[in-house]
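Participant: coords please:
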Amino acid sequence: MSRLIHLSDLHFGKDRPDLIVPLLDAVNGYAPDLVIISGDLTQRAREKEYRAARAFIDRVNAPVLSVPGNHDIPFHRPFTRFLAPWRYYRAWIARDLTPVHQGGDYIAVGINTVDRFKWQTGRLGGRRLRRACAALSGGAKDALRIAVCHHPLDHPNTTKKKPIPGAKRALRRLLNCGADLILSGHLHIWHAGTFAHLAAEQDGHHAIQLHAGTSLSSRQRGEPNDFNLIDVSPVQLDVARITYDDRRGAFVKAEARQFNRASGEFIV
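Facilitator: Coordinates of the predicted model:
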């Protein structure tokens, strides 16, 4: 049984400094096997923001898998954005924009959905999907196969933002490649559910979608700062939303979901 933590949208440069120690205490207190960050580590992709993100990651007592978000390339410096968008990300966070981490009962595959030419909407083209599918095919037969994106491939009805171009096609491809869990951020809202509307087209294969809100940013969209705690077992996933309680000055468990891995449905 493995334990994963899913953070997103840290936005150093627009973060809440008072949350950094409580967040690290909570993350390290849960003793995860892997911490996943689904993009937007910075606000303006400045080097000082990357230094702050690196300092945060260095205090996490677990391996960290991260993918970039649209804020991690310099929007206000178009020359740099077009010619060297990943310079600071690769220098301070990771050389690999599409990392893979394998545990005993899971394999996590990072997918870069950022597009330097379409800063907000992102993209997920054929080459990126082929690479993700090749990586998802690894691991043990019964391993939980996790795809990590910054941009969601499906949006809850509570947001007016649209998914990235070709999102349905990309989602269908990932489901066909065996993805069981798709983690994302970008929206600054929390959501847990299944891709039920596509399940019938995938020969019975189901996947769970899990959006984290923002773990550190002051841009909260009316929701508390949060992260996801995921416990993996052979038959189910236990997902808990951990939110910051201003009165207690700590991250606490706010709600929980259980998913059957075979059906992808909620366990009542």
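Participant: low pLDDT regions in the stretch 101-250 of the chain?
Facilitator: Low-confidence segments of the stretch 101-250 of the chain (pLDDT under 70): 119-120, 196-204.
Participant: quick one, strands of the stretch 151-268 of the chain?
Facilitator: Under the criterion DSSP state E, counting those that start in this stretch, the stretch 151-268 of the chain carries strands at the ranges 181-184, 191-194, 208-211, 226-232, 236-245, 250-260.
Participant: and those: which comes nearest Ile146?
Facilitator: Counting by Cβ to Cβ, Ile146 lies closest to strand 181-184 out of the strands of the stretch 151-268 of the chain; the figure is 4.7 Å. To be clear about C-beta, it is placed using only N, CA and C from the backbone, and glycine gets the same treatment.
Participant: which other helices and strands contact that closest one?
Facilitator: With contacts taken as 3 or more Cβ pairs under 8 Å, 6 or more residues apart in numbering; DSSP states H and E, strand 181-184 sits against strand 34-38, strand 144-148, strand 208-211.
Participant: out of those, which is closest to Val239?
Facilitator: That would be strand 208-211 among those, by Cβ to Cβ, at 6.4 Å.
Participant: ok now the closest one, how far from the chain's centre?
Facilitator: Relative to the chain's own centre, strand 208-211 is displaced by 9 Å; criterion: Cα atoms, centre = their mean, to the nearest Å.
Participant: restricting to C-alpha, output it in PDB.
Facilitator: In PDB, the C-alpha atoms belonging to strand 208-211 read as follows (Å, rounded to 0.1, in the frame of the first residue of the first chain):
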ATOM      1  CA  ILE A 208     -10.700   8.900 -11.600                       C
ATOM      2  CA  GLN A 209     -10.100  12.600 -12.100                       C
ATOM      3  CA  LEU A 210      -8.700  14.600  -9.200                       C
ATOM      4  CA  HIS A 211      -8.200  18.300  -9.300                       C
END
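Participant: give me the contacts around that strand.
Facilitator: Strand 208-211 is touched from outside by 6, 8, 152-154, 156, 180-187, 189-195, 228, 230, 237, 239, 259, 264, with contacts defined as Cβ atoms under 8 Å, 6 or more residues apart in numbering.
Participant: the most centrally placed residue in the chain: what's it in contact with?
Facilitator: Residue closest to the average C-alpha location in the chain (Cα atoms, centre = their mean): Ser38, at 2.9 Å. By Cβ under 8 Å, 6+ apart, the contact set of Ser38 is 6-9, 67, 69, 148-150, 183-186, 212.
Participant: same thing but at 6 Å, please
Facilitator: Applying Cβ atoms under 6 Å, 6 or more residues apart in numbering, we find Ser38 in contact with Ser8, Val148, His150, Leu183, Ser184, Gly185.
Participant: list buried members of these by neighbour count.
Facilitator: Among the contacts of Ser38, those classed as buried by 16 or more other Cβ atoms under 10 Å are Ser8, Val148, His150, Leu183, Ser184, Gly185.
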